[in-house]
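S.K.: structure, please.
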Amino acid sequence: MTRQHPHGFTLPEILIVVAFIGMVLTSVLTVSMQSSKIYSRMAVHEKAEAVLELALKRMEKVMREAMFIRVGSTSTAVEIALPLKDSGGKIIPSSIEVNPTTHAKALVRQEGKHICFFLGRYSTTNPTQAMPDGVNGNTIFMISSGTDATTGTDIISAAGTLSSSYTNAKEIITGINSVPTVPDPAHPGQALNAFIFTYSTSGTTSAFQDGLNSQILRVTLTMPIANGPSGEPIHDQTLSTQFCLRNFESLN
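M.R.: Reported below is the predicted structural model:
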């Protein structure tokens, strides 16, 4: 007589399988959620970085043509004097005597339009007015004096200050953060965005400089990032660029 074994699963076996499937699903769900958070952070930072890069490129294009540079006393404004140009956009040179004995001459550029970038905000009573504000400002504006074919007047005063408001300002970037939040590894105790515009010479650390042969111009912008999808904080996005400028004269 042949004994037949019963078919099917016992209750302990079913519970073990269900528990195993639950563990697998939990692991997959956890990995998926973490990946989603990482992707969200990356997407937010990439968008902010693209906006900052565009603003830096717009300013850098002007700054690389500079004859003179002046940085405001709070380092939230910078003035650039561009070379004088003719109607065709070519730089107009001027000859000067460099050796009174031999009467040797050299061609130099002439001073033309002045352009100023500054941190500020729109007026609450007049939305067309841009007001310099190094504390509560969240927008970089651009204003100019003179034209390509005429010499502009100084925008930042010798004391490093600006007028209280401007009606002809153009917006370069808005939504940036003027509060220092990112430590500068090269300068312990300082923040990368503590100074939006820094302009320095060897052996000089003053916030306001308009001297001869200045070399390094640095621009740092920070855009605050809101909390993530689950409320977790995300670090602000900061971009900085610097380049060497040569052959300057003093802007007095």
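S.K.: okay, CA-based contacts and neighbour counts for the rest of this
M.R.: Noted.
S.K.: the strand or helix carrying Thr220 pairs with which strands?
M.R.: If you go by DSSP states H and E, Thr220 is part of strand 216-223. Using DSSP bridges, the strands paired with strand 216-223 are strand 197-200 (antiparallel), strand 237-244 (antiparallel).
S.K.: the first one - what's its average pLDDT?
M.R.: Translated: strand 197-200. The predicted model assigns strand 197-200 a mean pLDDT of 78.
S.K.: quick check: buried residues in that strand?
M.R.: Of the residues in strand 197-200, those buried under the neighbour-count criterion (16 or more other Cα atoms under 10 Å) are 197-200.
S.K.: the longest one too?
M.R.: By neighbour count, and taking 16+ other Cα under 10 Å as the criterion, the buried residues in strand 237-244 are 237-240.
S.K.: tell me the pLDDT at Val219?
M.R.: Among the per-residue scores, Val219 shows a pLDDT of 89.
S.K.: quick check: closest non-adjacent residue to it.
M.R.: Computed as Cα to Cα, 6 or more residues apart in numbering, the closest residue to Val219 that is not its neighbour in sequence is Phe197, at 4.8 Å.
S.K.: ok, now which ones touch that neighbour?
M.R.: When contacts are counted by Cα atoms under 8 Å, 6 or more residues apart in numbering, Phe197 is found next to 71, 75-78, 217-220.
S.K.: if you set the cut-off to 6 Å instead, what comes out?
M.R.: Contact analysis of Phe197 by Cα atoms under 6 Å, 6 or more residues apart in numbering lists 75-76, 218-219.
S.K.: if you rank the residues you listed by neighbours, which is first?
M.R.: Among the contacts of Phe197, Thr76 has the most neighbours (other Cα atoms under 10 Å), with 26 neighbours.
S.K.: that one contacts Asn177, doesn't it?
M.R.: No: when contacts are counted by Cα atoms under 6 Å, Thr76 is not listed as touching Asn177 (11.6 Å).
S.K.: common neighbours of those two, please.
M.R.: Taking Cα under 6 Å, 6+ apart as the contact rule, Thr76 and Asn177 have no neighbour in common.
S.K.: make a markdown table out of the buried residues of strand 197-200 and add distance to Val62.
M.R.: A markdown table is the format used below for the buried residues of strand 197-200 (distance: Cα to Cα, whole Å):
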| residue | distance to Val62 |
| --- | --- |
| Phe197 | 14 |
| Thr198 | 16 |
| Tyr199 | 15 |
| Ser200 | 18 |
